[in-house]
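Peer 1: dropping a prediction and its sequence here:
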Amino acid sequence: MSAADPLGPAIRVLIVDDHPAVRRGLRTFLELTDDIDVTGEAADGASALELITQTAPDVVLLDMVLPGTDGMAVLREVRRRDLPVRVLVVTSFTDPGRVLPAVRAGAHGYLSKDVDPQALAAAVRSVHAGHLLLEPQTAASMLSEPGTRADAGPPLTARERDVLALLADGRSNREIARMLVVSEKTVKTHVSSILLKLGVSDRTQAALHAVRAHMAVPGTGGDTAGTP
């Protein structure tokens, strides 16, 4: 296991994949770092959910194709139980038709298994920090999918643009309210207005619109932030 960073506790990671060689490879990559600890491994969705409950990892690396309870079912169950963990999907299937449903189900990032070690560690840190992380080509493809574009409708106000940028950086309504010095109720009102104006049905699609408009970049965590 990696040693904890002297400036703070190490990021606790659970690896979920049904192939032992893949789990071993991911563990080896991550254990090259000083600020990430691999706290467990699971070969199927049911075991993953059990370990999430038992070991309380910060980040789960989740394959989507698993025996029994698959990756989508794990994502839905994590959301249903409101488990305090962030999920980074690491899979061989990165076509937009698979990515968007996973993000809507609660994934905080989506990478292909051929990611290099440094990029994988950076992705874990980014997702742990609260950002939505997608590979650039995946984000670009998703933005061309039906339901992710919003070119018509009334323009956003300056304050709505502020809220959208923060939303796209992974901030909660409470965090946005604190950063903009307004009430949570006001933030909720702004979010509802943003969804209506953009013609999208959820915060994920709104965040993707922000990326397309260069208001935020997935996984960078710049000054303009945002979350669902």
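Peer 2: Okay, I see it. Numbering: from 1, shown residues only.
Peer 1: so what does the longest helix along the chain touch, helix or strand wise?
Peer 2: With secondary structure taken from DSSP state H, the chain has its longest helix at helix 184-198. Applying 3 or more C-beta pairs under 8 Å, 6 or more residues apart in numbering; DSSP states H and E, one finds that helix 184-198 contacts helix 158-168, helix 173-180, helix 203-212. All C-beta spots, glycine's among them, are computed from the backbone N, C-alpha and C.
Peer 1: show me the strands in the chain, by range?
Peer 2: 11-16, 36-42, 59-62, 86-91, 109-112, 133-134 (DSSP state E).
Peer 1: select, out of those strands, the one closest to Arg161.
Peer 2: strand 133-134 (21.3 Å; C-beta to C-beta).
Peer 1: what is the mean pLDDT for that closest one?
Peer 2: Mean per-residue pLDDT for strand 133-134: 76.
Peer 1: quickly run through the sheet partners of it, with directions.
Peer 2: Note on strand 133-134: by DSSP bridges, its sheet partners are strand 109-112 (parallel).
Peer 1: before we move on, back to that, least confident of the helices and strands packed on helix 184-198, on average?
Peer 2: Set side by side, these give their lowest mean pLDDT on helix 203-212, at a mean of 76.
Peer 1: so where is this structure shaky, pLDDT-wise?
Peer 2: Along the chain, the parts satisfying pLDDT under 70 run over 1-7, 96, 135-154, 212-228.
Peer 1: just give me the residue closest to the centre of it.
Peer 2: By C-alpha atoms, centre = their mean, the chain has its centre lying nearest to His108, at 1.1 Å.
Peer 1: against Glu31, how distant is it?
Peer 2: Shown here: His108 relative to Glu31, a distance of 22 Å by C-beta to C-beta, to the nearest Å.
Peer 1: was I right about Val187 contacting Val163?
Peer 2: Yes - applying C-beta atoms under 8 Å, one finds Val187 in contact with Val163, separated by 6.3 Å.
Peer 1: neighbour count: those two, which is higher?
Peer 2: A side-by-side neighbour count of Val187 and Val163, using other C-beta atoms under 10 Å, places Val163 first with 28 against 24.
Peer 1: the more buried one contacts Ala177, doesn't it?
Peer 2: No - Val163 is beyond contact range of Ala177, at 9.6 Å (criterion: C-beta under 8 Å).
Peer 1: anything in contact with each of those two?
Peer 2: Here Val163 and Ala177 have Val187 as joint contacts, going by C-beta atoms under 8 Å, 6 or more residues apart in numbering.
Peer 1: ends of stretch 57-67, how far apart?
Peer 2: One end of stretch 57-67 to the other measures 22 Å (C-alpha to C-alpha, to the nearest Å).
Peer 1: brilliant, that's me finished.
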